[in-house]
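Peer 1: Mind looking at a prediction? Sequence and model below.
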Amino acid sequence: MRQEHTPSFKVETALNCWYDFGIGKGGNIIDLAAELYQSTDLRYLMRCIANSYPVPSAQTVASSFPQRHSAPSVEQFEVVPLEHRALVAYLQERGIPAHIAMANCKEANYSVNDKSYFAVAFENVSGGWELRNRYFKGCKGRKDISYLPWARDGPSAECAMFEGFIDYLSALTLGLISGADAIILNSVVNVNKAVPYLKDYRTINCYLDNDTAGQTALSELTAIYGPIVIDRSTLYSEFNDLNDFLVNQSFIKNTLSNENK
């Protein structure tokens, strides 16, 4: 537990997602359990959730909560080309140039309880959308991996793996994955979902986070595929993830540029 005087944990009930501004992470209930219990084992996490939130009796529910006809829901969810200046600026603050952001992301416009919202949107293989803006991190639809083959005429011999799409955009910005297919986990608990996609690659370059969850995911992949799994996190060993590394490099570059003017 952190000692704080200002609330920094937000729950978006309409999207069934949460975001912790204190650690800069968010997601669904599985992602929250992964943070609380420091594990990527989905079965273990599901047991922890079940044990922590036992199902109450109908009588308890009826007496404890006011009656409501329906839960808040996302309305008029629309995905369009990324154009909103605030969203492009948000990604630029993360070190992602506008042309890379607009070529690889979409813009989601939606409303909750008659209030309008917008976010950067990135699609997964189940048709769900990872949503990000400066204040929110969540998902619309089913949580799943994103798979991006580099060429349309067949898979590459090499695959690059990332935890989130911001890291994938960071790799594109740094020119790290030209010619390689890409898999974005969208949560380390999705490692098992990525396994069927990896069987035919000769090299799997892992750009995962430098934390317990990221290293656990790396170990799980190495146990399955052995030496073809390459840990690329050494590139940014002093940082939590690839995007932190990119932002730092961009800051240094801009500082030197301003000093030389």
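Peer 2: Here it is on my side, so go on. Just so we're clear, the structure is a prediction, and the values are computed from it rather than from any experiment.
Peer 1: quick one: Q76 and Y110 touch, right?
Peer 2: Yes: at 6.1 Å, Q76 counts as touching Y110 under the criterion of Cβ atoms under 8 Å. From N, CA and C alone the C-beta is placed, and that goes for glycine too.
Peer 1: Looking at those two, which one has more neighbours?
Peer 2: Taking other Cβ atoms under 10 Å, Q76 and Y110 do not tie; Y110 has more neighbours (21 against 9).
Peer 1: Could you find the closest non-adjacent residue to that one?
Peer 2: Spatial nearest neighbour of Y110, excluding adjacent residues (Cβ to Cβ, 6 or more residues apart in numbering): F77 at 4.3 Å.
Peer 1: Tell me if I am right that that neighbour is in a strand.
Peer 2: Yes: under DSSP: H, G, I helix; E, B strand; the rest coil, F77 falls within a strand.
Peer 1: so who does it touch?
Peer 2: Residues counted as contacts of F77 (Cβ atoms under 8 Å, 6 or more residues apart in numbering) are 108-110, 140.
Peer 1: What distance do you get for it to K106?
Peer 2: To K106, F77 is 12 Å away according to Cβ to Cβ, to the nearest Å.
Peer 1: ok, which stretches of the stretch 151-261 of the chain are helices?
Peer 2: 165-174, 191-198, 212-225, 242-259 (DSSP state H, counting those that start in this stretch).
Peer 1: how far out from the middle of the chain is the third one?
Peer 2: Shown here is helix 212-225, whose average C-alpha point lies 17 Å from the average C-alpha point of the whole chain (Cα atoms, centre = their mean, to the nearest Å).
Peer 1: Repeat that for the second one.
Peer 2: Between the centre of helix 191-198 and the centre of its host chain there is 16 Å, according to Cα atoms, centre = their mean.
Peer 1: Specify the angle between that helix and helix 212-225 in degrees.
Peer 2: Angle, helix 191-198 to helix 212-225, by axes from the mean of the first three to the mean of the last three Cα atoms, to 10 degrees: 40 degrees.
Peer 1: Can you pull out the residues in contact with helix 191-198?
Peer 2: Contacts of helix 191-198 (Cβ under 8 Å, 6+ apart): 40, 42, 144-145, 147, 159, 161, 183, 185, 204, 217, 220-221, 224-225.
Peer 1: go with 7 Å
Peer 2: 40, 144-145, 147, 159, 161, 183, 185, 204, 217, 220-221, 224-225 (Cβ atoms under 7 Å, 6 or more residues apart in numbering).
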